[in-house]
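Engineer: Sharing a model that was predicted from the sequence below.
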Amino acid sequence: MNQKFREKENPSAKIAFFVWDSHQYYNYKNIASYLTESEYVVCDTWHANIRDRGNGCHIDEIIDLLEKNNCHWRVITEINDSSFIEYFLKKYDILVSTLMWPPLSTLSFKTLFSRKKTVRILDGCSKGLATFAPWSAYFDIALAYGSYTEEYLKLINTTYIVGNHKFDDWFSGAVNREETENIMARLDPSKKTILYLPTHSGLSSLHNYASAVALLRKKYNVLAKLHRHSWLSEANASVRLLQDGVLMYGSKDDLLSLIAVADAVITDSSSVSLEVLLSGKPMIILDVVSLDKEAWRKHQEGEEFNGYWYSGGLEYEESAGKKLRDIFFKFNLLVKNPDKIESVLSGAFGEDWKASEDERNKFKNYIFAHQDGKSGERAARIIRNFLTMPKPTSPLLGAAIRAYFPVLNKNYAFGIQKALREIKRKDQEIKKLRIENLTYYIIKKEQNILKKIYLLLKYLLNGDNL
């Protein structure tokens, strides 16, 4: 049964925006605000069983944020029960999501998801293999940031370029003033402010650079907004930052407010490295690849797993994040050693940043179109028109993926069933052998007892002749 959380349903909602983490609200909000026929669907996630978390879990955090911003929402916790999911999603004509996680992936090979109209919203694009992964083919429409993402998405989805709607408030001058003032109240006004934005898992700079970033507090205010998975995959380094006095922020905090108060940004392979280009703020990138070749090998070859999260194979040579790092290396804005952070940062405040301007802007415009504060409105128009339009025909590659993966899924299912039958047969054999082995030891024990009785009787009968 779906666990009860407080809800504020929109009775006329025909469009659902799926949320697993607070940061996704900021990605959707400038689209959803134009769609009065929409609401948010807050989902449970894989972090832990919902019944083990109680009050204060990620669902409560998301609800607090939605309530604060006067949104409509419903909550689904039974994310693996197909019949319940079908009932829950019945009211919606369009499903909008950044991810293919349960409950959506629970339906990915089933008829309901293919019957619904679906729209994919991007949530970053630096890691090419994740951005253009095969699961995107299950969406009818994809909304691209610009030429780079449109070039690849159009192979598998009907694609429209809309720009980065997350930054609409930046371009329209509507960044939350109250939030920026609250952040600034925590800062030393005599110091410049550095914002640290690391990614998670094998490509995260937290493993090797966290201590060096914390040391910058001697000269700068240092803020950190961690990736939503960092407290799982880099727990120790995250705690060290907190203990070292770095001002910590999380998913529920608006990225734009933090960028607004920062004088410079430090990041790594995070997708936010591309987005910060839109702000024009000086930035340096921490290079994890050069520092740890073995970690990079494991990442590329799919061996990376830390017990919480597998993130191997997210980047390759043509990924946007890799191309950006190449540009930053050219202009001495890429850090390859923790001891060099401060010197590279000084260059970002000076001539190195100015020297990179032309190439940075050219690359920024390749990644992000329509830097006009109207990307959310543009995206909303496409989604609303989709309410009355038929589902588009999938591009050839997208259709091939849709056709192939159900077959692959069935083959895996048959393989699992075959393996389970073999395991059951072996279990029966082991059980039989255990019974036979037990019988042997019982008989052997009885034999030993009989031998002892025989010897005792012989002794009693023959005395010293024994």
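Structural biologist: Arrived safely, thanks for sending.
Engineer: Scan the helices and strands of the protein for the one with the lowest mean pLDDT.
Structural biologist: One helix or strand of the chain scores below all others by mean pLDDT, DSSP states H and E: helix 230-233, with a mean of 69.
Engineer: wouldn't D263 be in contact with K192 here?
Structural biologist: Yes - assessed by Cβ atoms under 8 Å, D263 is found in contact with K192 at 4.2 Å. In short, each C-beta sits where N, CA and C put it, glycine included.
Engineer: so what sits against both of these two?
Structural biologist: Y220, F349 (Cβ atoms under 8 Å, 6 or more residues apart in numbering).
Engineer: Check the spacing between N176 and N182 real quick.
Structural biologist: To N182, N176 is 9 Å away according to Cβ to Cβ, to the nearest Å.
Engineer: ok, now I194?
Structural biologist: 18 Å.
Engineer: So between these two, which is more surrounded?
Structural biologist: I194 (24 against 13; other Cβ atoms under 10 Å).
Engineer: May I have the residues that are in contact with E359?
Structural biologist: Going by Cβ under 8 Å, 6+ apart, E359 touches I327, K330, F331.
Engineer: Likewise for I59?
Structural biologist: Residues in contact with I59, defined by Cβ under 8 Å, 6+ apart, are F5, V42, D44, I50, V75, T77.
Engineer: For the last one, grab the count of nearby residues.
Structural biologist: It stands for T77. Quick note: T77 (other Cβ under 10 Å) scores 20 neighbours.
Engineer: That one reaches D44, doesn't it?
Structural biologist: Yes - contact criterion Cβ under 8 Å: T77 and D44 qualify, at 4.4 Å.
Engineer: Excluding sequence neighbours, find me the nearest residue to P134.
Structural biologist: Excluding its sequence neighbours, the residue lying closest to P134 (Cβ to Cβ, 6 or more residues apart in numbering) is I401, at 4.9 Å.
Engineer: The one you found contacts N157, correct?
Structural biologist: No - with contact defined as Cβ under 8 Å, I401 does not reach N157; the gap is 10.3 Å.
Engineer: who has more neighbours, these two?
Structural biologist: N157 (27 against 20).
Engineer: Tell me the spatial nearest neighbour of the more buried one, not counting adjacent residues.
Structural biologist: In this structure, N157 finds its nearest non-sequential neighbour in A142, 3.8 Å apart by Cβ to Cβ, 6+ apart.
Engineer: Buried ones in the helix or strand hosting the one you found, by neighbour count?
Structural biologist: Counting by DSSP states H and E, the element that carries A142 is strand 141-144. In terms of neighbour count (16 or more other Cβ atoms under 10 Å), strand 141-144 has its buried residues at I141, A142, L143, A144.
Engineer: starting at the chain centroid, how far to stretch 134-151?
Structural biologist: Chain-centre distance of stretch 134-151: 17 Å, with Cα atoms, centre = their mean, to the nearest Å.
Engineer: Pull out the C-alpha coordinates of it and format them as CSV.
Structural biologist: Extracted as CSV, the C-alpha positions of stretch 134-151 are listed here (Å, rounded to 0.1, in the frame of the first residue of the first chain):
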residue,chain,number,x,y,z
PRO,A,134,19.7,4.0,-24.8
TRP,A,135,17.0,4.4,-22.1
SER,A,136,16.3,7.9,-23.6
ALA,A,137,14.7,6.1,-26.6
TYR,A,138,11.6,5.3,-24.5
PHE,A,139,10.7,8.9,-24.5
ASP,A,140,8.7,10.4,-27.4
ILE,A,141,10.1,13.9,-27.2
ALA,A,142,13.5,15.2,-25.8
LEU,A,143,14.1,18.8,-25.1
ALA,A,144,17.7,19.7,-26.0
TYR,A,145,19.9,22.6,-24.6
GLY,A,146,21.4,23.4,-27.9
SER,A,147,23.3,22.1,-31.0
TYR,A,148,25.5,19.6,-29.1
THR,A,149,22.7,17.7,-27.4
GLU,A,150,20.3,18.1,-30.3
GLU,A,151,22.9,16.4,-32.6
